[in-house]
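*Asks:* got a predicted structure plus its sequence, pasted below:
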Amino acid sequence: MKMIKHVCFDLDGTLVDSKDTILNSTKAALDQLKITYDLDEDVFTNMIGKHFVDIFEELKIDVPDFDKFITIYKALYFDYMDSSYLYTGVQQLLQYLNENKIKVSLLTTKVQEQADKIIDYFELRSSFDYVMGRRDGLAHKPSPEPLLFICDELKIKPSDTLMVGDTELDIQCGIGAGAKTCGVLFGYRKKEQLEKEKSDFIIARLNELKNFLD
């Protein structure tokens with residue numbers, strides 16, 4: 001494979017297993033707003049990564065004041081952070097990339113402030129050359145726009161970039177930007193969902209990523 005100079009990671013389901021944190025803070029926010037809901041945990045988990053507007057629409061949960069939900073959700077999120085943890089091999093892989101002078105970035109649909117807090121919570125700040133959450137004025141995954149923005153900031157060609165993530169949003173974003181793509185099987189989508197997106201690579205463990213970088 002052509003030399004990769006930049007690896008861009010998704011967050012939830014790729015570097016961090018945060019499904020319990022997301023689920024519990026979502027339920028708590030809905031409860032606080034006294035919103036009735038029927039939330040199938042497996043179905044919800046398979047939607048992680050999508051915007052809450054789309055999730056609630058698909059699950060037919062009526063949230064009259066979405067902005068208020070988001071405010072409460074973000075305020076409650078860190079009450080449940082002890083349910084989140086790094087996947088096996090994250091720190092070792094980031095160290096490997098840093099030592100080999102490969103640029104490392106993060107691209108998540110979480111808002112910027114929340115993305116920054118999570119990276120700092122896990123003490124990963126020094127491992128990243130760029131951290132990007134959802135920002136006003138920029139489209140979000142699956143649009144290629146945020147990945148192209150990161151590549152421009154890092155002065156790296158999209159064709160020299162590998163987008164790594166666990167959902168169709170990550171793969172579509174990477175392909176749209178002209179990057180290579182790698183799906184991970186330990187996140188929140190099934191193998192057949194990633195294969196359908198025609199990801200360049202699919203891995204079961206993070207340390208397998210090194211095989212495509214050597």
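*Replies:* That came through fine. Numbering: from 1, shown residues only.

*Asks:* what does the lengthiest helix in the chain rub up against?
*Replies:* Counting residues, the longest helix found in the chain (DSSP state H) is helix 19-32. Helix 19-32 is contacted from outside by 12-13, 37, 39, 41, 44-45, 48, 52, 61, 63, 69, 72-73, 76-77, 79-81, 83-84, 188, using Cβ atoms under 8 Å, 6 or more residues apart in numbering. Yep, even glycine has a C-beta here, placed from its N, CA and C like the rest.

*Asks:* what is the mean pLDDT for it?
*Replies:* What helix 19-32 shows for mean pLDDT is 97.

*Asks:* next, the buried residues of that helix.
*Replies:* Lys19, Thr21, Ile22, Leu23, Ser25, Thr26, Lys27, Ala28, Ala29, Leu30 (16 or more other Cβ atoms under 10 Å).

*Asks:* sticking with Ile119, tell me its helix or strand.
*Replies:* Using DSSP states H and E, the element containing Ile119 is helix 112-121.

*Asks:* identify the residues contacting that helix?
*Replies:* By Cβ under 8 Å, 6+ apart, helix 112-121 touches 11, 16, 18, 74, 77-78, 81, 84, 106, 108, 110, 125, 128, 131-135.

*Asks:* in strands only, show me those.
*Replies:* Among the contacts of helix 112-121, DSSP state E puts Val16, Leu106, Thr108, Lys110, Val131, Met132, Gly133, Arg134 in strands.

*Asks:* can you pull the domain assignment for this structure?
*Replies:* Per automatic domain parsing, the structural domains of the chain span 6-17+85-212, 19-83.

*Asks:* all set now, cheers.
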